[in-house]
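[1] Got a predicted structure here, sequence first:
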Amino acid sequence: MAAGGGARGWRFGAGRICLDLVATEPAGAAPRTREQLDGPAHLAQWLTDARLVPPGTALTALDDTWVTRFHELRHAIGRLVEAQLDGPEAGDALERVNAAASAAPVGPRAVRGADGGLVRALSAPPDCAGLLAVVARDAVDLLTDPVARAALRRCQGEACHRLYLDTSRGGRRRWCSGRVCGNRERVARHRRRATGADPGPAEV
């Protein structure tokens, strides 16, 4: 899936698109967090930046109902993933994810682009259920794969709630992003050293 950041500063480095979706949810009252999918325009941009739809895909049917349904799936996936780290999930999160995964996504096809090269397009206009199914199936794949489950981590950055897959050598990754949370920690560590505070153990 996509890498880098989008127009709202969202990132796609979690290792799975379902975790990238969860990362768009605000984390309670934690600082520097906000609702990133707060309307149809931002959801449409996220779907494109996440490469769930090819650039230029018309999303004329996308409305507030889509936003609500993506919020609901996001919350259910978040509860299931958190349960892998903290304990049993509550409520009907599993049923919601399974129900979303059962829909049929629109299939891709190759078409000629403006320069004559092949580019990806969709075989029919995307609908909400089909796009939800792509994310939900990714969550099912993650949660039923013992190796992937064992690599689930929560960012250790201050006030960061992001989840990611640690595929680093030796499983030593500590942050969702070394350039963001990792850099903040390095700056904070430098300040602690400058004031004579205990810098703590070496970090990667």
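    Cool, the structure landed.

[2] Can you give me the pLDDT of A14?
    Looking at A14, its pLDDT is 82.

[3] Give me the number of neighbouring residues for it.
    22 (other CB atoms under 10 Å). C-beta here means a position set from N, CA and C on the backbone, and glycine is covered the same way.

[4] Number the chain from 186, please
    Renumbered: residue one is now 186, and that last one reads A199.

[5] That one - nearest residue in space that isn't next to it in sequence?
    The shortest distance from A199 to any residue other than its chain neighbours is 4.3 Å, reached at Y349 (CB to CB, 6 or more residues apart in numbering).

[6] Distance-wise, check the one you found relative to V266.
    10 Å (CB to CB, to the nearest Å).

[7] for R334, same thing?
    9 Å.

[8] where do the contact lists of the two overlap?
    L327, L328 (CB atoms under 8 Å, 6 or more residues apart in numbering).

[9] between the two, who's got more neighbours?
    Higher neighbour count among R334 and V266: V266, with 23 against 14, using other CB under 10 Å.

[10] Sticking with that one, tell me its helix or strand.
    helix 249-271 (DSSP states H and E).

[11] Tell me which residues of that helix come out buried.
    Buried residues in helix 249-271, counted by 16 or more other CB atoms under 10 Å: 251-252, 254-256, 258-259, 261-267.

[12] for stretch 239-246, same thing?
    T242, L244.

[13] Ok, stretch 308-316 next?
    So, applying 16+ other CB under 10 Å, buried residues of stretch 308-316: P311, D312, C313, A314, G315, L316.

[14] Show me which of those residues is closest to A208.
    When these are compared for distance to A208 (CB to CB), L316 wins out at 17.3 Å.

[15] was I right about the closest one contacting R236?
    No: using CB atoms under 8 Å, L316 is not in contact with R236, being 11.6 Å away.

[16] Now the common contact residues for those two.
    Common neighbours of L316 and R236 (CB under 8 Å, 6+ apart) do not exist.

[17] Tell me which two in the buried residues of stretch 308-316 are the farthest apart.
    P311 and A314 (9.5 Å).

[18] And the helices in this structure?
    Applying DSSP state H to the chain gives helices spanning 202-207, 225-234, 249-271, 278-286, 313-328, 331-335, 368-379.

[19] and the fifth one, how far from the chain's centre?
    Right, the one you point to is helix 313-328. 12 Å (CA atoms, centre = their mean, to the nearest Å).

[20] Alpha carbons of that helix, in PDB - could you do that?
    C-alpha atoms of helix 313-328 as PDB (Å, rounded to 0.1, in the frame of the first residue of the first chain):
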ATOM      1  CA  CYS A 313     -18.800   1.800   0.000                       C
ATOM      2  CA  ALA A 314     -19.400  -1.900   0.800                       C
ATOM      3  CA  GLY A 315     -16.700  -3.000  -1.600                       C
ATOM      4  CA  LEU A 316     -14.100  -0.600  -0.200                       C
ATOM      5  CA  LEU A 317     -14.900  -1.500   3.400                       C
ATOM      6  CA  ALA A 318     -14.500  -5.100   2.400                       C
ATOM      7  CA  VAL A 319     -10.900  -4.500   1.200                       C
ATOM      8  CA  VAL A 320      -9.900  -3.000   4.600                       C
ATOM      9  CA  ALA A 321     -11.900  -5.600   6.600                       C
ATOM     10  CA  ARG A 322     -10.300  -8.500   4.700                       C
ATOM     11  CA  ASP A 323      -6.900  -7.000   5.400                       C
ATOM     12  CA  ALA A 324      -7.800  -7.000   9.100                       C
ATOM     13  CA  VAL A 325      -8.900 -10.600   8.900                       C
ATOM     14  CA  ASP A 326      -5.600 -11.600   7.200                       C
ATOM     15  CA  LEU A 327      -3.700  -9.800   9.900                       C
ATOM     16  CA  LEU A 328      -5.600 -11.200  12.900                       C
END
